[in-house]
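In: The following comprises the amino acid sequence and a computationally predicted model.
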Amino acid sequence: MESIASSQCKVCCVRVTAGRVASWDSCATIRSVVARNTLSSCTRTGGWPLPGTMSPWTRSCQSLGISRWKKCPRMVSSTFLAQMSPSSWTQQSSASSSSSPLVHTPERSSRKSPGPVQASTQRPQILSSCGCLDTGALSWRPSRPRRKAGIRSQAPGRGVPELAEAGGSSSDELRPNGKGLPVDQSSWSQNKPENSLSRQNKSKSEITNMVRSSTITVSDKAHILSMQKFGLRDTIVKSHLIQKEEDYTYIQNFRFFVGTYNVNGQSPKECLRPWLSHDTQAPDVYCVGFQELDLSKEAFFFHDTPKEEEWFKAVSESLHPDAKYAKVKLIRLVGIMLLLYVKQEHAAYISEVEAETVGTGIMGRMGNKGGVAIRFQFHSTSICVVNSHLAAHTEEYERRNQDYKDICSRMQFCQVDPSLPPLTISKHDVILWLGDLNYRIEEPDVEKVKKLIEEKAFQTLYTYDQLRAQVAAKAVFEGFSEGELTFQPTYKYDTGSDDWDTSEKCRAPAWCDRVLWKGKNITQLSYQSHMALKTSDHKPVSSVFDIGVRVINEELYRKTLEEIVRSLDKMENANIPSVSLSKREFCFQNVKYMHLQVESFTIRNGQVPCQFEFISKPNEESYCKQWLRASPSRGFLLPDSAIEIELELFVNKTTATKLNSGEDKIEDILVLHLDRGKDYFLSVSGNYMPSCFGSPIHTLCYMKEPILDLPLETIRELTLMQLQTEDNGSQLEKPMDIPKELWILVDYLYRNAIQQEDLFQQPGLRLEFDHIRDCLDTGTIDNLSASNHSVAEALLLFLESLPEPVICYSAYRNCLECSGNLTASKQVITTLPACHRNVFTYLMAFLQELLKNSAKNHLDDNILASIFGSLLLRNPAGHQKLEMAEKKKAQEFVHQFLTHPEPLSLLSYSA
């Protein structure tokens, strides 16, 4: 067998015979080629001014014409006045991402498990280089722990020499219908290599070229379980293989290095070897995570940063000098980056590599907080590595808990078999979770904290740790473990020193940077901070593990597989499967906008193995309506087994409008189909509570009363009313100039949050959004009590839910074309229907007021233009996500109204 060092390795191919027995085929010897790895997408409480001190904001509010709504305080009337102050528009630019060749990891050269690797004295050789970044915006769905149902979805061997993706993840490619959203399994897809010719028929040069041009990494796992066909026989084989896994596998320990470092937006200024190579033994696997890689606006809004390459290079040059490493994957979301390296000799045993991101910033769009993750198969063990940066500030521990739950529920990885549902974090054998979790020390006396640190009384100090308290309360990280904290807190230091924070805020020390794990056969060897590094206000943390990985004995595997296939051949007969259902009728009462309701039932199988699936009804594309989802929607049951199915009902911006208008109702019939068996019919019914969320602007302007006080027929008529009806002499009562609900939200923010730091950038709480929605829909605004961030997010969600955006779809292209011309832009605004025109001007006046307080709230015109540009201007082509060029033009269009000194002239409208 040729050595790895000689750059020669064997590529072993496998064919599945007619008898479904995997057999080794001939081998072709190729030279190890490793290329660059591409990653493609990757309080103010003063209220209103005193009489006689009317501000421009007050004068602008007095024109809104909503005084007729009796339940809204401080109503105003007549002409609209919006004062604009001068400022210059700075065009933000970002470098375009370019793709580069992909990494090729060497195949294993024999079937034997790898033995101990001899250490060398060479410097670490990095076998791949950094590619582009990975980004993507996520729409949030309520976070709710997912239950494990049925059998595991992956068998131990995981595939005929499969080709697992090694490129970066893209929000649109990896997850159709929007990343982060649970989707119907029938739409899951994943690109597959088209060329399935046997590798022994290719020349060396052909093989090399194929690897270079491929978007996948070669794996040499040898069995049939990667078949795309959702066949009953293959599913039974998979189930039996899982049950017999211990018969053909053994446990082998591998050393994992897990490190996390919040670099506070700094570039690397010192060697990272004291952190990454402090141990005498070279790790087999490196998992290195960063937070706050770049704090600039360009990174925040355009996801582009040169610091990705800088820190990648710094890490690559500081890996252990006694081994050669190949980069498996790099994934980044704004400033959260995760790198995965393996020793060169292990690269052939890495397969099914997937990477994903989840932003937990405002509306799930902003990636300044959130998580990135890489999952992969190492031999026969599935591993998921998560790097997260959770919400800041001592009092925001509930927000951190919610961020954790959002990451767990929304992080989903495509499988090699597209017919299988995505994998969540919890569906892995080993989970390594690292990052700046931001949990603080509750002890209010900073000096007492520092004194305990000086005395090295870390266990006493640990009793005040927020993460310890939240884990004990089972609010987060249930089932995870963490090593003993024997090092001093890693935050916050004066940059360039080991001195505690001496700034004006004087932050209390805290163990913000942590490493936790979950799984079997995991032994933590070390857990420490590294005080020698002084680049940031955080100190890096590392943890070294010995992790037992299941390795397949190929000979025993083939024997086990042959036995299963033979027994199935004897068992096959004409038996018809049948099941019993614990419930067939489901009623969802008082369904509300963006409020998840769940009903469950149990499928219990009889004596015959059974495959089930929810199927579409005639002339329908999906098995259920958009607001409904079954989880799981398909599966397999062994004899006398059972599975719990959850029906999740969730109304969002896509489905709310038709439910408001009565065009759709909470009514559906689900068809549960058994392969080779009969169909079962499930009835779903309920009632939807109409909401201002998802209602058109002009409809809300005609609603003088809260929407839930109106008859359903009136809501239906107003929702279905065409937009131009308001201007063509309708006999309806004269409408208000803007929706009262919009006024309530903006007025609340004006009175309470005009100086709020990070407004529109920090998410609110989910329960508070429910309260805000109910207050708006019932008119009980005197009871409105929520954090400023929750009200701000509710305002953004309100604008996002409008079926016709503030700037109508018909004006979208004109706005983009004249985004650099203020005069032309004003003309476009004057062509909008009066209600839309008024809302636009009202919002611009409010945002201008926020900018006048930028010294306190830290907002600037670029931030507000970026946030509101994508909400006020939406692509009419299926509400697609804006391309970068369009996104910048939309921002520029809004930006010029924020910074120009002249008020916007309006056509006449009713007072």
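Out: The structure has been received and is ready for your questions.
In: Look at residue 687 and give its secondary structure.
Out: Applying DSSP: H, G, I helix; E, B strand; the rest coil to residue 687 yields a three-state assignment of strand.
In: Need the single longest strand in the protein, by residues.
Out: The longest strand of the chain (DSSP state E) is strand 249-262.
In: low pLDDT regions in the protein?
Out: When the per-residue scores of the chain are filtered using pLDDT under 70, the ranges that remain are 1-231, 302, 363-365, 571-575, 724-732, 878-882, 901-911.
In: beta partners for the residue most central in space within it?
Out: Taking CA atoms, centre = their mean as the criterion, residue 358 is the residue nearest the geometric centre of the chain, at 2.0 Å. Beta bridges link residue 358 to residue 371 when assigned by DSSP bridges.
In: Surely it touches residue 370?
Out: Yes - the pair residue 358 / residue 370 is scored as a contact, 5.1 Å apart, by CB atoms under 8 Å. (C-beta placed from N, C-alpha, C; glycine too.)
In: Contact partners for the residue nearest to residue 602 when sequence neighbours are not counted?
Out: Sequence neighbours aside, residue 582 is the residue nearest to residue 602 in space, at 4.2 Å (criterion: CB to CB, 6 or more residues apart in numbering). Contacts here follow CB atoms under 8 Å, 6 or more residues apart in numbering; on that basis residue 582 touches 601-604.
In: Next, residue 582: phi, psi?
Out: phi -70, psi -20 (degrees, to the nearest 10).
In: Please apply the same query to residue 418.
Out: Dihedral angles (degrees, to the nearest 10) for residue 418: phi -70, psi -20.
In: quick one: it and residue 374, what's the gap?
Out: Separation of residue 418 from residue 374 (CB to CB, to the nearest Å): 20 Å.
In: So for the two, which residue has more residues nearby?
Out: Looking at residue 418 and residue 374 with other CB atoms under 10 Å, you find the greater number of neighbours at residue 374, namely 24 against 16.
In: Quick check: that one touching residue 354?
Out: Yes - here residue 374 reaches residue 354: they are 7.3 Å apart, a contact under CB under 8 Å.
In: Give the full set of residues in contact with the closest residue to residue 244 other than its chain neighbours.
Out: Taking CB to CB, 6+ apart, and ignoring the residues beside it in sequence, residue 244 has residue 560 as its nearest neighbour in space, at 5.4 Å. Counting by CB under 8 Å, 6+ apart, residue 560 touches 241, 244, 247-248.
In: can you check residue 867 too?
Out: By CB under 8 Å, 6+ apart, the neighbours of residue 867 are 362, 760-761, 796.
In: Export the residues you listed as CSV, with columns for distance to residue 429 and neighbour count.
Out: Formatted as CSV, the contacts of residue 867 follow (distance: CB to CB, whole Å; neighbours: other CB atoms under 10 Å):
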residue, distance to residue 429, neighbour count
362, 35, 22
760, 41, 25
761, 37, 19
796, 39, 19
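In: Output these in CSV; the columns should cover secondary structure and distance to residue 556.
Out: CSV is the format used below for these (DSSP: H, G, I helix; E, B strand; the rest coil; distance: CB to CB, whole Å):
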residue, secondary structure, distance to residue 556
362, helix, 53
760, coil, 59
761, coil, 56
796, helix, 57
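In: nearest to residue 718, of those?
Out: Top of the list for closeness to residue 718, among the contacts of residue 867 and by CB to CB, is residue 796 at 24.0 Å.
In: re earlier: of the contacts of residue 867, just say which sits nearest to residue 290.
Out: Top of the list for closeness to residue 290, among the contacts of residue 867 and by CB to CB, is residue 761 at 20.6 Å.
In: residue boundaries of the helices in the stretch 751-900 of the chain?
Out: In chain order, the stretch 751-900 of the chain shows helices spanning 766-778, 788-801, 812-817, 822-830, 834-852, 854-857, 861-872, 884-899, with DSSP state H, counting those that start in this stretch as the criterion.
In: Report all helices and strands that the one helix or strand residue 298 maps to contacts.
Out: Element membership of residue 298 [criterion: DSSP states H and E] is helix 297-302. Using 3 or more CB pairs under 8 Å, 6 or more residues apart in numbering; DSSP states H and E as the contact criterion, the secondary-structure elements in contact with helix 297-302 are helix 861-872.
In: thinking again about what came up before, would you mind giving the contacts of residue 867 as a markdown table with distance to residue 767 added?
Out: As requested, the contacts of residue 867 are arranged in a markdown table below (distance: CB to CB, whole Å):
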| residue | distance to residue 767 |
| --- | --- |
| 362 | 17 |
| 760 | 20 |
| 761 | 20 |
| 796 | 17 |
